[in-house]
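Enquirer: my questions concern the predicted model and sequence given below.
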There are 2 protein chains.
Amino acid sequence: MKPKAVTIKDVAAAANVSRATAARALNGYGYVGGEAAERVRRVARELGYRGNRIAQALRQGELPLVGFIPGDILNPFFSQIAHDLDMALRGSRHNLLIAASQEDPAQERQVIDSLRALAVRGLIIAPASSDRNPQLEEMHREGYPMVLIDRVPEGLDCDQITVDNRKGARGAVEYLIRQGHRRIALIHDDSRIGTARDRLAGYREALEAHGLPADESLIIESPSTVSHAIDATIRLFRRQNPPTALFTVDSLITQGAMLAFRSLGLSMPHDVSLAGFDDFDMATFSDPQITVVSQPIKKIGPLAVEMVMARIQGSRAPARHVQFPTQLTIRGSVSRPRGS
Amino acid sequence: MKPKAVTIKDVAAAANVSRATAARALNGYGYVGGEAAERVRRVARELGYRGNRIAQALRQGELPLVGFIPGDILNPFFSQIAHDLDMALRGSRHNLLIAASQEDPAQERQVIDSLRALAVRGLIIAPASSDRNPQLEEMHREGYPMVLIDRVPEGLDCDQITVDNRKGARGAVEYLIRQGHRRIALIHDDSRIGTARDRLAGYREALEAHGLPADESLIIESPSTVSHAIDATIRLFRRQNPPTALFTVDSLITQGAMLAFRSLGLSMPHDVSLAGFDDFDMATFSDPQITVVSQPIKKIGPLAVEMVMARIQGSRAPARHVQFPTQLTIRGSVSRPRGS
DNA sequence: CGTCAGTCTGAGACCGGTCTCACATCGGGC
DNA sequence: GCCCGATGTGAGACCGGTCTCAGACTGACG
């Protein structure tokens, strides 16, 4: 019931010095006699003294904690980032507190409050919504260390790491066009999240740049889950005069499309071509492997830590906006359309 | 630079009461005059008072934090559990601190120390090794709230949640035997981790129970990565007289085997049958889908939280050992061997 | 030998809360 | 009118550290 932790007072008493001296010996600052210091350290070891970061934090202001608020850790994108953050923070002797927003702005608000009450030194957030966010705006105004990743709410000029979604999508769609496709469908989710929006914009740009009519009936909205994507794909390809290629805006939708093609008996890339945004493991396990727009995901975590630590250390530099380019990873799921 | 947080002293002064009264009003304990309480609450709201959990924690002992030490968050098994822990802890108003051990006992030790220094109230650990672990043993002796998941070091009798690896593996191998297979290979990793060991034991048991000779040349050791597993599988099936079926002890190895079969031109289940331990997304995306031994993974997180919270609340009940049964999920990757 | 800088040390304030205790006030019952 | 319990309040201890300050001691230098 009582782990009765060893306090510095115990150590000091056992070593026959004052708390102040014990603290000096243990933390190595100020003047301490060599012999006394030695004695204190030995006693501390014997007693199994293990400092109390809470007390330290109270005095010094904050705990060596950084919070991470992903949409959902289950998403491999975020678990990769969580992993990288964990690793990178260890280098700065900080720990990582993770609390998912479940892509729900209300929950996000609450989670942010609860992390701030813990006096977390900084926050790395993937905002659940791209609407204006007064809470984040105020934190930014206060100079609270925070870094936005993946998505950015409107009107918030703080450190951020994003990816060029528009250009990435445009590149993929142009690639399809260059392969000869003219009827290219798109499945996207209507989330509040800006990334999907930008990817849709890139799609439209590509069509326009090549003088192709944007056939709105080829643009389908579907929740970002595998099963919804299956339904959407099936509806799309059961029509008469179906598209010859499909672009999907995230990996879950891409997976849904793959399954739908299989159940429709359409084989890639012979009957239909597929390109998706976001690389994912399965994309290389399927046959054929899937052509995707990939993000430099492994760079995001380390960079986010670097940014947030700089703020924690007091940097007042203007907000950094890093936008990574994407890369089109060409695999086997795209070919020229039949009969062209 | 200075967020100059509002303290209870500020609130008390502004409301013209003592700190004690302010605290009583804000936390609703003891006697407080209705009018005074009202005033304090209003002032607190106006000033944007936001308690300081660190100070509270110092007085009361601990922060509302629970630590989770997985082998590696990138592993979908652990990210599922992390997600479930996060959700479940929210119900108990606790936050989740995640620090991976990278499956390295030294790192694990260090991570445990650093979490304990943060006065985390309890720990949920997937130990990196099944060797005796003096550190965990001592914590257990002290009555520190902790729950072991997935793996258990020798000689540590504390709350734990595992899966019946032996029986699960045995069931899968017996299923292969019942389908008529006689030459069944196994690929496992030699990790310090007990789970792989138990699965190997289950394999041997199954063979023995059916009077099949254990051909040691069919038991291959390979690090648990996709690429090593590919090599191991290729070596195994390039022999003359190759096995007719393969059992793999974890999902990474299973994936390696799938890829190896593809590159060897062996088609499942016609040329070779495959069963693996652990379900994983790709198992249902491949063609054919893979027969696996699946764990009730979604039950682990919530149960772990229930257990650790019970300890945190002071339960001195004897250690609970929960062992979930596994389930053989039969899909399309197994058939009768050719020519039988 | 006095002085002074350089060492070492302990007392005690402080961080921001919680909580115990003693005191003041009030109304009701006798 | 007095006594008593119930209420409301503030002073101050306390949690476990950190850190400032002043005092004691040392040795070297003039």
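Expert: Sure, I can see it.
Enquirer: chain center to stretch A:322-334, what's the gap?
Expert: Its chain's average C-alpha position is 18 Å from that of stretch A:322-334, according to CA atoms, centre = their mean, to the nearest Å.
Enquirer: wait, stretch A:294-309
Expert: 9 Å.
Enquirer: any part of it near chain B?
Expert: No: judged by CB under 8 Å from any CB of the partner chain, stretch A:294-309 stays clear of chain B, getting no closer than 11.0 Å. Just so you know, the C-beta spots here come from the backbone N, C-alpha and C atoms, and that holds for glycine as well.
Enquirer: repeat for stretch A:113-130
Expert: Yes: counting by CB under 8 Å from any CB, chain B has neighbours in stretch A:113-130: A:113, A:114, A:115, A:116, A:117, A:118, A:119.
Enquirer: now do the end-to-end distance for that stretch.
Expert: 19 Å (CA to CA, to the nearest Å).
Enquirer: check which element follows the helix or strand hosting residue A:168 along the chain.
Expert: In this structure, residue A:168 is located in helix A:165-178 according to DSSP states H and E. Per DSSP H and E, helix A:165-178 leads on to strand A:184-188 as the next helix or strand towards the C-terminus.
Enquirer: what mean pLDDT does that following strand have?
Expert: Mean pLDDT, strand A:184-188: 96.
Enquirer: need the pLDDT of residue A:48.
Expert: So, for residue A:48, pLDDT stands at 86.
Enquirer: neighbours around the nearest residue to it once chain neighbours are set aside, how many?
Expert: For residue A:48, ignoring the flanking residues on the chain, the nearest one in space by CB to CB, 6 or more residues apart in numbering or on different chains is residue A:6 at 5.9 Å. Neighbour count of residue A:6, defined by other CB atoms under 10 Å in any protein chain shown: 18.
Enquirer: so which residues of chain A form strands?
Expert: Counting by DSSP state E, chain A has strands at residues A:65-69, A:95-98, A:122-125, A:146-149, A:160-163, A:184-188, A:219-221, A:245-248, A:273-277, A:291-294, A:321-324, A:327-329.
Enquirer: for residue A:243, what are its contacts?
Expert: Neighbouring residues of residue A:243 by CB atoms under 8 Å, 6 or more residues apart in numbering or on different chains: A:181, A:183, A:184, A:185, A:218, A:236, A:237, A:272.
Enquirer: check contacts around the fourth one.
Expert: It stands for residue A:185. Contacts of residue A:185 (CB under 8 Å, 6+ apart): A:218, A:219, A:220, A:236, A:243, A:245, A:246, A:247.
Enquirer: buried ones among those?
Expert: The neighbour-count test (16 or more other CB atoms under 10 Å in any protein chain shown) applied to those identifies A:218, A:219, A:220, A:236, A:243, A:245, A:246, A:247 as buried.
Enquirer: tell me the domain ranges of chain A?
Expert: A:8-51, A:65-163+A:297-324, A:165-295 (automatic domain parsing).
Enquirer: hey, which helix or strand in chain A has the poorest pLDDT?
Expert: In chain A, the helix or strand scored least confidently by mean pLDDT, DSSP states H and E is helix A:53-60, which has a mean of 85.
Enquirer: if we can go back for a sec, right, so the strands of chain A: which one is the most enclosed?
Expert: Most buried of those, by mean neighbour count (mean count of other CB atoms under 10 Å in any protein chain shown): strand A:245-248, with a mean of 30.
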